[in-house]
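Sequence first, then the predicted structure:
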Amino acid sequence: MSQYVKKAVVICGGEGTRLRPLTYQTPKPLVKVNGIPVIDNVIRELKRNGIEKITMAVGYKKEMFIEHFGNGSEKGLQIDYSIEDKLLGTGGAIKKALKEKSRPENGEDILVVNGDNIFEINLKAMYELHRSKDAIATLAVKAIDDVTGYGVISVENCIVRKFVEKPDPKDAESNLINLGIYIFNSGAMHMLPDSEAFSMERDFFAKIPGTGRLCAYVSDNIWYPIDTIERYRKASNEWRPPE
């Protein structure tokens, strides 16, 4: 049994339509915030947390990621690529990467993160919670003032009781949102929908809270989504690259 999470899947396949015109020529995770590509901050944070092998789930302008990172040796990591020839949604992209590249062994947990967020995470603490609850999956969540446009999560004793993807804010039952940072156990793959293309949020997370094995880790670390022009500007104004 792995003591820590060593493998990660990074989701990088979307077209970034809400971030246009920045994404006409550049895939969203390679957009620069204060001179640094978003994905470089993701990779730095994963390495800081002990991740050794990364599979990038790529689609739109995939060749730019391969050119940017190669096999990861310059970053001191192993990096390979799961390539979407058509849009598979967040769930389909994760499922394909797990099946073809990462192949978690029995008892091995794996980290999955969105490639378009600037974040810091205490993976050790998140992992310890995940194992202590024998969770199928553990989601990093954060309390924010305005939940518009986010997945909203109701939590009781660290267990997810309800997951609603992008509810009307007036109907939101919580101010905890999904950060796009997940730990999956090795059995989670067998519980994913049979479909080739699906939404991890709507078609999986929203449907399994009743099992009591979907867990929430509350993070108070920095987190900036870079998926709209407004959020890009906010990150540009507030975030400064590490020295």
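Thanks, I have it.

Break down the protein into its helices, ranges please.
For the chain, helices defined by DSSP state H occupy the ranges 38-48, 62-69, 89-97, 123-132, 200-203, 229-238.

Any idea which of the ones you listed gets closest to G115?
Closest approach to G115 among the helices of the chain (Cβ to Cβ): helix 38-48, 5.3 Å. (C-beta placed from N, C-alpha, C; glycine too.)

helices or strands up against the longest strand along the chain?
Longest among the strand segments of the chain by residue count, using DSSP state E, is strand 176-184. Applying 3 or more Cβ pairs under 8 Å, 6 or more residues apart in numbering; DSSP states H and E, one finds that strand 176-184 contacts strand 110-114, strand 117-119, helix 123-132, strand 137-143, strand 151-156.

so how far is it off the chain centroid?
Distance of strand 176-184 from the chain centroid (Cα atoms, centre = their mean, to the nearest Å) equals 7 Å.

so E108 touches K7, yeah?
Yes. At 7.4 Å, E108 counts as touching K7 under the criterion of Cβ atoms under 8 Å.

Between the two, point out the one with more neighbours.
K7 (23 against 16; other Cβ atoms under 10 Å).

Does that one touch L46 like I think?
No. At 10.0 Å, K7 does not count as touching L46 under the criterion of Cβ under 8 Å.

tell me, what's touching those two both at once?
Common neighbours of K7 and L46 (criterion: Cβ atoms under 8 Å, 6 or more residues apart in numbering): 54, 111.

Can you flag the residue of this protein lying furthest from its geometric centre?
Within the chain, the residue lying farthest from the chain centre (Cα atoms, centre = their mean) is K170, at 26.0 Å.

And the pLDDT for that residue?
pLDDT recorded at K170 is 78.

now swap in G210 and tell me
pLDDT at G210 comes out at 68.

Kindly report the same for L98.
83.

tally of neighbours for the closest residue to it other than its chain neighbours?
Distance criterion Cβ to Cβ, 6 or more residues apart in numbering; nearest residue to L98, sequence neighbours excluded, is M189 at 5.2 Å. Residues within reach of M189, counting by other Cβ under 10 Å, total 16.

So M189 is in contact with K99, correct?
Yes. Using Cβ under 8 Å, M189 makes contact with K99 at a distance of 7.1 Å.

what sits against the closest residue to E15 other than its chain neighbours?
Once flanking residues are discounted, E15 sits nearest to Y60: 4.7 Å by Cβ to Cβ, 6+ apart. Y60 makes contacts with 13-16, 27, as judged by Cβ under 8 Å, 6+ apart.

these two touch, right, K234 and P225?
No. Contact criterion Cβ under 8 Å: K234 and P225 do not qualify, at 9.0 Å.
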